[in-house]
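**Q** what shape does this take:
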Amino acid sequence: MKLIIASNNAHKISEIRDILGAHFGEILSMREAGIEHETVEDGQTFMENAVKKAKEMAEISGCCALADDSGLCVDALDGGPGIYSARFSGVHGDDEANNDLLLKKLENTEDRGAHYTCAMALVYPDGRMLTAEGYLYGEITRERAGTNGFGYDPLFFLPERGCTTAQLSPEEKNAISHRANALHALVRQLENR
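**A** Numbering: from 1, shown residues only. The predicted model follows:
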């Protein structure tokens, strides 16, 4: 069975292939499938956005489709930036500006608790759907550390490991990430079908 991932993010595609590879004959990015499409992410939750993207991709491709929506939820910001994580600073995907704004908003705050959330939806061509969520808990540091990863990784500190997610190797991060946790929850559902 063919699976189309509603993304062209190379890191994400690789991680999904590693975890879901045994369950699908072929796993393709949108680009690899020859699909150009951008879903308007206007949901109020990560899951609403993931479901919308997966449904649209299943309809367009006629194949199984997988989509996720993820972001950073900071306790002191009432769960923000949340679904606006990628465009927190006003420019979509500007990691440096997003990190600068996060540090500025937390500069006088002692509560540094935060977590990454990943909502994932797998939609079959006949409309059946599986969903899962995954989380990774940590704290926001006061300065960047590490050069691996992307997004808020240089600021996301894991107390039990004594480092930020940007200081982990890609393999170490993929083993514990919010996306990996959501994917493993999805695998458990696939194996119990």
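**Q** ok, and the closest non-adjacent residue to the residue most central in space within the chain?
**A** Taking CA atoms, centre = their mean, the centroid of the chain lies closest to Ser70, which sits 3.7 Å from it. Closest residue in space to Ser70, ignoring its immediate chain neighbours: Cys118 at 3.9 Å, by CB to CB, 6 or more residues apart in numbering. Backbone N, C-alpha and C define where each C-beta goes, glycine included.
**Q** next, that neighbour: secondary structure please.
**A** Following DSSP: H, G, I helix; E, B strand; the rest coil, Cys118 is assigned to strand.
**Q** circling back to that earlier point, tell me who's in contact with the residue nearest to the centre of the chain.
**A** Listed by CB atoms under 8 Å, 6 or more residues apart in numbering, the contact partners of Ser70 are 46, 85, 116-119, 178-179.
**Q** could I get the residues you listed as CSV with pLDDT and distance to Asp95?
**A** CSV is the format used below for the contacts of Ser70 (pLDDT from 0 to 100; distance: CB to CB, whole Å):
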residue, pLDDT, distance to Asp95
Phe46, 97, 19
Ser85, 96, 10
Tyr116, 98, 14
Thr117, 98, 18
Cys118, 97, 17
Ala119, 98, 21
His178, 95, 17
Arg179, 93, 17
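**Q** okay if I get those as a markdown table plus neighbour count and distance to Glu26?
**A** Listed next are these as a markdown table, based on neighbours: other CB atoms under 10 Å; distance: CB to CB, whole Å:
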| residue | neighbour count | distance to Glu26 |
| --- | --- | --- |
| Phe46 | 25 | 27 |
| Ser85 | 21 | 30 |
| Tyr116 | 23 | 29 |
| Thr117 | 24 | 29 |
| Cys118 | 23 | 23 |
| Ala119 | 24 | 24 |
| His178 | 24 | 26 |
| Arg179 | 22 | 20 |
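**Q** any idea how far the closest residue to Phe88 other than its chain neighbours is from Pro170?
**A** Spatial nearest neighbour of Phe88, chain neighbours left out: Pro81 (4.0 Å); criterion: CB to CB, 6+ apart. The spacing between Pro81 and Pro170, counted by CB to CB, to the nearest Å, is 24 Å.
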